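Visitor: with the sequence up front, the predicted model follows.
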Amino acid sequence: MSLALVLVYASVISGFVPVLAALYNYQQLDTVLKTMALFCLLSVIPDMISLVTAYILKLTSFNNLFLMHLFDMTAVIFFTIIYNKAFYKQILKKTALILGATALLVMLFSSIFIEGISLYPSISNTVLAIFLIVLSLTYFYQLLSRQEFMYIEKQGLFWINSGVLFYYSITIFLFMLYTKINGEHKYYYLMQSITNIISNLLFSVGLLCKPQDQKTT
């Protein structure tokens with residue numbers, strides 16, 4: 001078994017880690033983290049379908065790329081809700097909604113008129129990555145500029161946001177170059193799997209965090 005295939009299996013399995021973390025710590029989760037936990041649960045489904053069809057049932061002719069298009073749109077909806085609730089200022093909340101609606105429209109247009117649902121969603125993935133990189137950096141700015149004393153490493157959203165920024169700031173280059181890689185797709189899956197495993201571990205840490213008291217400075 002090749003290293004790339006081993007990492008694919010490990011990547012899919014790692015998707016269950018934040019789900020288990022959320023179940024273990026469910027009573028301590030606030031609304032935002034519960035929304036993230038639901039997204040983690042839903043994100044396991046397309047990975048499992050892809051794994052079963054491509055590697056277990058050997059259905060190499062089965063086109064499951066439409067699942068990627070659907071996942072990208074689902075991710076935009078969930079993270080728009082998450083960041084809209086996570087931001088404190090109304091202007092940032094509205095910005096998250098506007099950016100989310102714009103990203104979703106671009107994805108729909110690309111899926112219908114440009115790439116189609118049967119081709120790899122390079123444009124949709126890139127749009128999703130840009131959308132989440134902007135929001136995650138904005139959240140970090142908000143977190144670090146607050147006037148309350150807090151241990152940011154004990155804040156669940158700090159780890160969730162770190163996982164989002166880590167994953168999409170790395171994979172955005174893979175998304176943009178996917179159609180140019182040609183026969184080197186195995187390297188794409190190698191990098192994507194490693195990045196996905198690390199981000200799932202960061203999500204798990206965030207979902208295991210307990211609410212922290214904050215003190216005004």
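Guide: Everything's here; your move.

Visitor: what distance do you get for the residue positioned nearest the centre of the chain to residue 51?
Guide: In the chain, the residue lying closest to the centroid (Cα atoms, centre = their mean) is residue 164, at 5.6 Å. Using Cβ to Cβ, to the nearest Å, residue 164 is found at 23 Å from residue 51. The C-beta positions use only the backbone N, C-alpha and C, and glycine is treated the same way.

Visitor: now residue 111: closest residue in space, sequence neighbours ignored.
Guide: Spatial nearest neighbour of residue 111, excluding adjacent residues (Cβ to Cβ, 6 or more residues apart in numbering): residue 69 at 4.8 Å.

Visitor: need the next SSE after the helix or strand encompassing the one you found, C-terminal direction.
Guide: Residue 69 belongs to helix 65-86 when elements are defined using DSSP states H and E. With elements assigned by DSSP H and E, the helix or strand that comes after helix 65-86 is helix 90-109.

Visitor: now for the residue nearest to residue 111: which residues touch it?
Guide: Each residue near residue 69 by Cβ atoms under 8 Å, 6 or more residues apart in numbering is listed here: 107, 111, 117, 121, 124.

Visitor: cutoff 6 Å now
Guide: Going by Cβ atoms under 6 Å, 6 or more residues apart in numbering, residue 69 touches 111, 117, 121.

Visitor: so the second one is in contact with residue 110, correct?
Guide: No: here residue 117 lies out of contact with residue 110, judged by Cβ atoms under 6 Å, at a distance of 10.0 Å.

Visitor: okay, those two: which has more neighbours?
Guide: Neighbours were tallied for residue 117 and for residue 110 using other Cβ atoms under 10 Å; the higher tally belongs to residue 110 (21 against 15).

Visitor: report pLDDT for the spatially closest residue to the more buried one that is not a sequence neighbour.
Guide: Across the structure, with Cβ to Cβ, 6+ apart as the measure, the residue nearest residue 110 apart from its sequence neighbours is residue 123 (4.3 Å). Looking at residue 123, its pLDDT stands at 93.

Visitor: ok, residue 123 to residue 102 distance?
Guide: Residue 123 is 14 Å from residue 102, where distance means Cβ to Cβ.

Visitor: neighbour count for those two, which is higher?
Guide: Relative neighbour count places residue 123 above the other of residue 123 and residue 102, with 20 against 13, counting by other Cβ under 10 Å.

Visitor: are we agreed that the more buried one is in a strand?
Guide: No: inclusion of residue 123 in a strand is not indicated when DSSP: H, G, I helix; E, B strand; the rest coil is applied; the result is helix.

Visitor: sorry, back to before: and the contacts of residue 69 as TSV, adding distance to residue 77?
Guide: Rendered in TSV, the data for the contacts of residue 69 read as follows (distance: Cβ to Cβ, whole Å):
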residue	distance to residue 77
111	15
117	17
121	16
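
Visitor: from the chain's centre, how far out does stretch 20-37 sit?
Guide: Taking Cα atoms, centre = their mean, to the nearest Å, one finds the center of stretch 20-37 at 16 Å from the center of the full chain.

Visitor: now do the buried residues in that stretch.
Guide: Using 16 or more other Cβ atoms under 10 Å as the burial criterion, the residues of stretch 20-37 that qualify are 21-22, 25, 29, 32-33, 35-37.

Visitor: for it, measure first residue to last.
Guide: Distance between the two ends of stretch 20-37: 9 Å, counting by Cα to Cα, to the nearest Å.

Visitor: pLDDT at the nearest residue to residue 200 once chain neighbours are set aside, what is it?
Guide: Counting by Cβ to Cβ, 6+ apart, residue 200 lies nearest to residue 14, which is 4.2 Å off, once chain neighbours are set aside. Model confidence at residue 14, expressed as pLDDT, equals 96.
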